[in-house]
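Trainee: quick check, what structure comes out for this input:
(2 chains)
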Amino acid sequence: MLTDEARGSNLAAQRAQEGGVVQRPKRTYGGYAMLALLLGLFALFSAILPGTFATSANTSTILAENAILGLLALSVMLPLIVNEYDLSLASVMGFCAMLAAGLPARQGMPWTVTALVVLAVGLTVGITHAVLVIRFKLPSFVVSLGTNSVLTGLILLYSNGSVIYDAIAPEFTFIGTTRIFGIGLPVYILAFVTAVLWFVLEKRPLGRKFYAIGANETAAKLAGIPTGRLRAALIIAAPVLASLAGIIIVGRVGSASPTSFSAYFLPAFAAAFLSLAGYKLGHYNALGVITAVYLIAVGVSGLSLLGAPSWVEPIFNGIALVVAIGLAHLLTRPRKTKHKVTS
Amino acid sequence: MTDIAHPRPALKLTNVTKRFGANTALNGASLTLYAGQIHALVGMNGSGKSTMVKLLSGFHTADEGTIELLGANPGVGFVHQDLALIDNMTVLENMTLGRKPNMKRGVIDWRQESTRAEGLLRRFGIQHLLYSPVGEITKAEATIVAIARALGEHDGNTTVLVLDEPTSTLPAAQTEQLLKVMQACAEDGIAVLFISHRLQEVLSIAPDVTVLYNGKVVYSGSTTGMDVASLAARIGSVSASSEIGPAGTQSAPAHGILADADAKVILSAESVSGLILTDCWFNVRRGEVLGIIGMLGSGVEEIGRYISGRSAPLSGTVRLASSPTGRIDLQKVGYVPSDRARNAVLSGLSARENASITGLKRFLRTGAINVRAEREAMKASFEAMTVYPPDTEAPMLSFSGGNQQKILFARWLHTEPEVLVAEEPTQGVDVHAKAQILENLHEYARSGRSVVLITGEPEEIYAYCDRIIVVDGGRIISELGAPITGAEILKAMHEREVHVD
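Mentor: Model prediction:
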């Protein structure tokens, strides 16, 4: 027999719930913590170093120099959304940069053909990964670790271990060095790519489906989502985006060095993981990646202008990576659920 | 050890209250477990059963009230629903997990460990499984292993055993075995707290029952003289029409019989064979609720993914009449699979995102998803399914099991598929949510669509079916047409059991 009291309190609870019309989602601001941290750090260094850090020249340098890292970090993020890893992306960017610098200089290729070849290289790596991971069900972590090593070898093979710096296609240099309103063209490219990814991931059904696969691939598949095709799409898109970054880095630096690209690996992953702690909490997202890239960049730039020696940078990046994953864990810790088995 | 006349209390909860923010999960609940007795704990999803288990395990601490463990050297053992066993390890290895094993010269002393484990298993007559991988023994045996492991904790001084829905995923034939083990535990003087949604089992095994409603104890006492209907009535306030005891004779008329047996066929299975399933032929007609029943291992668990087009049968064809090629459009055949957590829930996403994923196109405005339109549509869908609370933005995992299941039905109903295939539609769902879900599905079929319910527990669903197909040994062995009675179902089930033996 149900007591009247129990019935009454249940009715009251139900009424309280039914009171509102359409419930507004509760606004939380935890998603903006990273942006606040970026602005705060910028303000801090500006206050300490008004003469060197807080100059428009330094700001635009930070923006432009990290636009390439931003593109690479976005490419790292794409497969992560569906729980796939691509550890080869820094090497894809490196190999593509060697080709973008070398093909016009050594093989006399026009820049258009060069650009197509470079993007085709990215596409080839992507399709190889997709076939091995989706068709043959191999783990992407291991597959891309292998590709990474192969590409490192190809970089050495093609470059013969030396830097390619002469006869860089002027069209690439144009992309790397043109400024609009004092800001380098790569920054606009990054902004464009970010905007496109944000729109697709946040506003299109396709993006929802990617996140659904990331949440539970089996469930997504049973809900009628073509999970294999969509995972393949992201696995292929990542190295293509990385190859684009390869062209831009040649244009910006004006050369391609066979050893410099591995330095991009860690910060790109750090930024991709940090995106879990920004905006769309617990989910990889494009705006989060970009905010994270510049958070790390401002930190590194400020520290180096303060006179920190060069070994500080990798240590800073390493700590940022671990803090990123810790922060993401903290911010997205599941709320107390009623029916979760505790074992 | 057991003294029936003067039972000795083993665990006493007195006026226990637990709040989570504004929500009171347990409200002054009192409960006493006696040594050597099985005490059942029942209640709807969200009534506070899980909170009580978590208080007993020390995962939560009570805000008010006391929890006393009585006796000279007391200890509480737990068996959770997912058992926490590792499939590719042997029974012995699993029995060694979670405690400090006996060591000899720095390595695990397996000789001593196996003697110990064997002793624990022998009580339940499954010592021969010691070296079998858990993945290769039956679900009931695995549950018994988990019980033996729980009894071995506290150096064998476990006085209270808490079993959190141990039978909810067991096939009928295996349930008996587990109930016997529970009785053996009681005979050894252990106080057993048995949490279950299966009221028939509760009544058959537990002399005492505590009913939780909305965090309060609304009944605590003997089960003598109770039947399923009266117990169900205590669990909630509504009548117990959703769960009819095997002796019940209620038939479909309450829900209206689909008279037109020549109704248009909208999906057909032609000579479908799978791993167990062999040469199955059947049709799904417009406007009907078709039940497909069979025990675990009969092949019934394969049918859902074949007829929903989620995987291809090894041979044979499934044809969707409306499709010119017969190929199944996954949007036109909805599928609510069994094992919600693994196969259906998109964890980490909101309830809205979980439900709308099947039909996002209609929320597109100038190329972008309009979240407001989406939210309003999902809210309407949730209300139609009586999801409580109808909060579309809450994380999926914050809902209770029954409400998660309702959201998963909402996921398909808002896209209006021609056929909705649901496996174990009421698994882990409380009595009242069950009735609401089945009522909604019945209504959906009557609107000119079709619903296929596939289950190993026909007593849950038969009253809502127009037709029932019985599967055994991979084949369709009989078909029951309306009116379907409890007696018929009982007979069909009985035949199956005889057949299997």
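
Trainee: only C-alpha atoms from now on, for both contacts and neighbour counts.
Mentor: Noted.

Trainee: from start to finish, how long is stretch B:218-233 in a straight line?
Mentor: 11 Å (Cα to Cα, to the nearest Å).

Trainee: got the buried residues for it?
Mentor: Under the neighbour-count criterion of 16 or more other Cα atoms under 10 Å in any protein chain shown, stretch B:218-233 has B:218-220, B:223, B:227-229, B:231-233 buried.

Trainee: which single one of these is nearest to chain A?
Mentor: B:Val218 (5.9 Å; Cα to the nearest Cα).

Trainee: picking up where we left off before, so which of the buried residues of stretch B:218-233 are also by chain A?
Mentor: When contact is defined as Cα under 8 Å from any Cα of the partner chain, these meet chain A at B:218-219, B:233.

Trainee: nearest to B:Asp155 among the residues you listed?
Mentor: B:Asp155 has its nearest neighbour among these in B:Tyr219, at 34.6 Å by Cα to Cα.

Trainee: and the buried residues of stretch B:218-233, which of them are in helices?
Mentor: Among those, DSSP state H puts B:228-229, B:231-233 in helices.

Trainee: now those in TSV, with distance to A:Tyr188 and pLDDT?
Mentor: Output for these, formatted as TSV (distance: Cα to Cα, whole Å; pLDDT from 0 to 100):
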residue	distance to A:Tyr188	pLDDT
B:Val228	69	77
B:Ala229	69	75
B:Leu231	68	83
B:Ala232	65	76
B:Ala233	67	77
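
Trainee: pretty sure A:Asp134 is touching A:Gly228, no?
Mentor: In this structure residue A:134 is Ile, not Asp. Yes. Here A:Ile134 lies in contact with A:Gly228, judged by Cα atoms under 8 Å, at a distance of 6.2 Å.

Trainee: between these two, tell me which one has more neighbours.
Mentor: Under the neighbour definition other Cα atoms under 10 Å in any protein chain shown, A:Ile134 and A:Gly228 were set side by side, and A:Ile134 has more, 18 against 15.

Trainee: wait, is the more buried one part of a strand?
Mentor: No. Judged by DSSP: H, G, I helix; E, B strand; the rest coil, A:Ile134 forms no part of a strand; its state is helix.

Trainee: distance of it from A:Gly126?
Mentor: Distance from A:Ile134 to A:Gly126, by Cα to Cα: 11 Å.

Trainee: element containing the residue lying closest to A:Met93 once chain neighbours are set aside?
Mentor: Excluding the flanking residues, the one nearest A:Met93 by Cα to Cα, 6 or more residues apart in numbering or on different chains is A:Gly246, at 4.4 Å. Following DSSP states H and E, one finds A:Gly246 within helix A:227-253.

Trainee: before we move on, what about A:Ala292?
Mentor: Going by DSSP H and E, A:Ala292 is part of helix A:286-305.

Trainee: list of residues touching that helix?
Mentor: A:34-35, A:37-38, A:41-42, A:45, A:49, A:52-53, A:62-63, A:66, A:69-70, A:73-74, A:77, A:194, A:197-198, A:267-268, A:271-280, A:310, A:312-313, A:316-317, A:320 (Cα atoms under 8 Å, 6 or more residues apart in numbering or on different chains).

Trainee: near chain A, which residues of the stretch 201-350 of chain B?
Mentor: B:213-214, B:216, B:218-219, B:233-237, B:310, B:330-331, B:334-335, B:337, B:342-349.

Trainee: from B:Asp155, how far off is the residue in the stretch 101-250 of chain B positioned nearest to chain A?
Mentor: Across the stretch 101-250 of chain B, the shortest distance to chain A (Cα to the nearest Cα) belongs to B:Arg234, at 4.8 Å. Between B:Arg234 and B:Asp155 the distance is 39 Å, computed by Cα to Cα.

Trainee: and the two? Which one has more around it.
Mentor: More neighbours surround B:Arg234 than the other of B:Arg234 and B:Asp155, with 23 against 9 (other Cα under 10 Å).

Trainee: now do the strands in chain A.
Mentor: A:179-180, A:183-184 (DSSP state E).

Trainee: so which of the ones you listed gets nearest B:Leu193?
Mentor: strand A:183-184 (69.5 Å).

Trainee: just the strands in the stretch 301-450 of chain B please.
Mentor: B:315-320, B:333-336, B:364-365, B:368-369, B:419-423, B:450-455 (DSSP state E, counting those that start in this stretch).

Trainee: need these in a markdown table (columns: mean neighbour count).
Mentor: Formatted as a markdown table, these follow (neighbours: other Cα atoms under 10 Å in any protein chain shown):
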| stretch | mean neighbour count |
| --- | --- |
| strand B:315-320 | 20 |
| strand B:333-336 | 27 |
| strand B:364-365 | 14 |
| strand B:368-369 | 18 |
| strand B:419-423 | 26 |
| strand B:450-455 | 27 |
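
Trainee: quick check: end-to-end length of stretch B:416-429?
Mentor: Span of stretch B:416-429 from end to end, Cα to Cα: 23 Å.

Trainee: got the contact list for that stretch?
Mentor: B:44-45, B:168-169, B:197, B:266-267, B:301, B:304, B:307-308, B:331-338, B:401-402, B:405, B:412, B:434, B:437, B:449-457, B:460.

Trainee: tell me the buried residues within those residues.
Mentor: B:44-45, B:168-169, B:197, B:266-267, B:301, B:304, B:307-308, B:331-338, B:401-402, B:405, B:412, B:434, B:437, B:449-457, B:460.

Trainee: among those residues, which ones are in helices?
Mentor: B:301, B:304, B:307, B:401-402, B:405, B:412, B:434, B:437, B:460.

Trainee: need these in TSV (columns: distance to B:Val387 and pLDDT).
Mentor: As requested, those are arranged in TSV below (distance: Cα to Cα, whole Å; pLDDT from 0 to 100):
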residue	distance to B:Val387	pLDDT
B:Glu301	27	88
B:Gly304	25	94
B:Ile307	28	93
B:Gly401	11	81
B:Gly402	9	84
B:Gln405	9	91
B:Trp412	14	94
B:Lys434	12	86
B:Ile437	10	90
B:Glu460	20	76
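
Trainee: picking up where we left off before, residues contacting the residue nearest to A:Met93?
Mentor: Counted by Cα under 8 Å, 6+ apart, A:Gly246 has contacts A:92-97, A:100.

Trainee: alright, I will stop here.
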